[in-house]
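Visitor: Sharing a model that was predicted from the sequence below.
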Amino acid sequence: MKTILFVILIIWGIPSSYFRSKFRKIIYQTDDWKINIKPLFKKEIVGLLSNIYPNNKQYLKARKYYVIYLLVYFFLFLVYLKY
């Protein structure tokens, strides 16, 4: 069972770069590819947990999908740790 959960975690982690890249480009208002390799910053955390661009529909949609993605990833990780 633990092996199956590990494989599920790996597969679920594949789209993380897409969601994070899209979200970071909106937060930092850039299309530069280098934003993907920079470390985690405070603005990204604040943008994830609060609403820093309330009128930007693209930001709100990206944040919603990224939060859902991270919650499912966190739940899968907790299940993996339990086994």
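Guide: On my side now, so go ahead.
Visitor: where along the protein do the helices fall?
Guide: Remark: helices of the chain, listed N- to C-terminal, are 2-13, 16-27, 42-49, 57-82; assignment by DSSP state H.
Visitor: so which of these comes closest to residue 35?
Guide: Across the helices of the chain, residue 35 has its closest neighbour in helix 16-27 (4.9 Å, Cβ to Cβ). Heads up, the C-betas are built off the backbone N, CA and C, glycines and all.
Visitor: tally of neighbours for residue 26?
Guide: Summarising burial for residue 26: neighbours were counted as other Cβ atoms under 10 Å, giving 20.
Visitor: quick one: it and residue 17, what's the gap?
Guide: Using Cβ to Cβ, to the nearest Å, one gets 15 Å for the distance from residue 26 to residue 17.
Visitor: Same check on residue 64?
Guide: Per Cβ to Cβ, residue 64 is found 18 Å from residue 17.
Visitor: May I have the predicted confidence score for residue 35?
Guide: pLDDT for residue 35: 84.
Visitor: wait, doesn't it sit right on residue 26?
Guide: No - distance between residue 35 and residue 26: 10.1 Å, which falls outside the contact criterion (Cβ atoms under 8 Å).
Visitor: close enough to count as contact, residue 23 and residue 64?
Guide: No - taking Cβ under 8 Å as the contact criterion, residue 23 and residue 64 are not neighbours in contact, 10.3 Å apart.
Visitor: Who has more neighbours out of the two?
Guide: Between residue 23 and residue 64, counted using other Cβ under 10 Å, residue 23 has the larger neighbour count: 20 against 10.
Visitor: Which pLDDT value belongs to the more buried one?
Guide: Residue 23 carries a pLDDT score of 93 in this model.
Visitor: Show the contacting residues for it.
Guide: Contact criterion Cβ atoms under 8 Å, 6 or more residues apart in numbering gives 44, 47-48, 62-63, 66 as the residues in contact with residue 23.
Visitor: From residue 37, how far off is it?
Guide: For residue 23, the distance to residue 37 equals 15 Å [Cβ to Cβ].
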